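> just to be clear, the model below is a prediction. Sequence and coordinates:
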2 protein chains.
Amino acid sequence: MSQMQNVEIGLREMILGLEVGPGERLTERWIESRFGASRTPVRAALLRLETEGLVCRDGRGWTVSPINLAELEQIAVYREAVEVAAVKLTCALEDRTAVEIIEAMLDSCDAGSPREEWHRVGMDFHIELARLSGNEFLFRAVRDAMTRLSRARWLEVRDEAALGRAWAEHHAILAAVRTGDADEAARRLSAHIVGSRDRLVTSLHNDRRGLRARGFAVVAA
Amino acid sequence: MSQMQNVEIGLREMILGLEVGPGERLTERWIESRFGASRTPVRAALLRLETEGLVCRDGRGWTVSPINLAELEQIAVYREAVEVAAVKLTCALEDRTAVEIIEAMLDSCDAGSPREEWHRVGMDFHIELARLSGNEFLFRAVRDAMTRLSRARWLEVRDEAALGRAWAEHHAILAAVRTGDADEAARRLSAHIVGSRDRLVTSLHNDRRGLRARGFAVVAA
DNA sequence: GATACCATTTTGGGATACCAAACTGGTATC
DNA sequence: GATACCAGTTTGGTATCCCAAAATGGTATC
């Protein structure tokens, strides 16, 4: 494992896990000492994370990207476009048995599962569903979009009801895919993405004061 | 202008302009001497171009990404998803007068314009059309996809008829956008992308021997 | 007390030195 | 002639050094 991957993976985990807060300043020297690497791999890692939207330039320096409500809304529109395209492709496949793997993944989560598990499975559902399409670009688009959404989903004040609703919607989408009903799958997927976005943005909007109090920069829509 | 941008822009131009052939090996030291920069900015530039898909790793080293026919086909599907989503958003806007700027851009190309001009305008049409949607992610997706297509479009043996057809299709799409007919715009845009892809892939497939003879790596579909 | 100014420190951009791994070319062996 | 092997070279990965610009903090001035 090269130092660059070390820093890239470690720093990404810190950012996605909110160990460094959105909006926080980062210095190359701090990262250097934090991971015991020199500045060369640190800079390489920062350049990569910049393309993922997890860090951004702040004048000359680096900043952990703030949570941006306007961006979250735009991402939802983007997701709708690419995820619906992907699921339609998947429905057109002859062999759609792979959906069962995703169903098993969903079912591995139950009431006793930790929050982290629900969080991860909720993202992987969309990523793996896109992967089934076989289109590398649609897949990467979904994966990258979910990465950008990851922190916001952590911050969302999720009630149990929302988790259960998402779980049911995911299953309904898979059921449509299993039968090859592209229109039904697309309709349900669209509704799911739009609904999730609304709940997420509303929740973050209501909580933005508390989040800022925790040192998390939240940019309004 | 920082050295990193220098190298990034210069190397991107060399790759897109086919001054370095698809599949060609690149060494950091060669780029270093070619642009009079040290390895630090060279590495930063390579990392960026890697995310654009213009260079890729080849074991430990770097390679100018080969032309990949399978990738071209997948990109077309991806483009269809994001461009259609973007144009539908644009049709839903109240103020769509900005399409006139794009029409003027198209009209700036005539029979006397150099090939480079047609090439650039043909890409910018799609990029600027996506920009009108106001969705940053859809815009970036289209821009990045067109960047990846750029070299293949150069290699395509274009007859005048194909240029004229694309020009007419572009105008027809804009006409539909101007009247706000989202379905019509989407239909025409879809057909245009699919048709362009077919011509492009067919042309490259037929020419792949000649291209390989020129030292251009072409990966089959 | 507010502010303008200057010395100091910090920071990112870049250049270079060093190293280990991979590659190359030639040679010796069969 | 083919092949195994070895020394020399090249290459990317990393660490470190230098520099100019920006941030910082203290001080003098009003």
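Now that the structure is in, tell me what you want to look at.

> can we go C-alpha only for contacts and neighbour counts from here?
Noted.

> count of residues packed around the residue lying closest to A:R96 once chain neighbours are set aside?
Counting by C-alpha to C-alpha, 6 or more residues apart in numbering or on different chains, A:R178 is the residue found nearest to A:R96 once chain neighbours are left out, at 6.4 Å. For A:R178, the neighbour count with other C-alpha atoms under 10 Å in any protein chain shown is 19.

> what is the longest helix of chain A by residue count?
Secondary structure of chain A per DSSP state H: the longest helix is helix A:182-213.

> buried sites along that helix?
A:182, A:184-186, A:188-190, A:192-194, A:196-197, A:200-201, A:203-205, A:207-208, A:211 (16 or more other C-alpha atoms under 10 Å in any protein chain shown).

> so does it get close to chain B?
No - Helix A:182-213 stays out of contact with chain B when judged by C-alpha under 8 Å from any C-alpha of the partner chain, the minimum separation being 12.6 Å.

> domain ranges for chain A, per the record?
Here chain A is described, according to automatic domain parsing, as comprising the domains A:3-65, A:68-219.

> dump those to CSV, plus mean pLDDT.
Shown next, in CSV, are these (pLDDT from 0 to 100):
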stretch, mean pLDDT
domain A:3-65, 96
domain A:68-219, 94
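
> turn those into a markdown table, including distance to B:V55.
Below are those laid out as a markdown table (distance: least, C-alpha to C-alpha, whole Å):
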| stretch | distance to B:V55 |
| --- | --- |
| domain A:3-65 | 15 |
| domain A:68-219 | 17 |
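
> of those, which is nearest B:L132?
Relative to B:L132, the nearest member of the domains of chain A by C-alpha to C-alpha is domain A:68-219, separated by 13.7 Å.

> ends of the closest one, what's the gap?
5 Å (C-alpha to C-alpha, to the nearest Å).

> what's the answer for stretch A:104-121, then?
Per C-alpha to C-alpha, stretch A:104-121 runs 11 Å from first to last residue.

> what comes up buried for it?
A:L106, A:C109, A:W118, A:V121.

> how about those residues in a markdown table, adding secondary structure and distance to chain B?
What follows is the buried residues of stretch A:104-121, written out as a markdown table (DSSP: H, G, I helix; E, B strand; the rest coil; distance: C-alpha to the nearest C-alpha, whole Å):
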| residue | secondary structure | distance to chain B |
| --- | --- | --- |
| A:L106 | helix | 27 |
| A:C109 | coil | 31 |
| A:W118 | helix | 27 |
| A:V121 | helix | 24 |
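
> farthest-separated two in these?
A:L106 and A:W118 (8.9 Å).

> which residues of chain A lie near chain B?
Residues of chain A lying near chain B (C-alpha under 8 Å from any C-alpha): A:40, A:44, A:47-48, A:51, A:74-75, A:78, A:81-82, A:85, A:135-138.

> most neighbours of all the residues you listed, which one?
Counting by other C-alpha under 10 Å, top hit in these: A:L138 with 29 neighbours.
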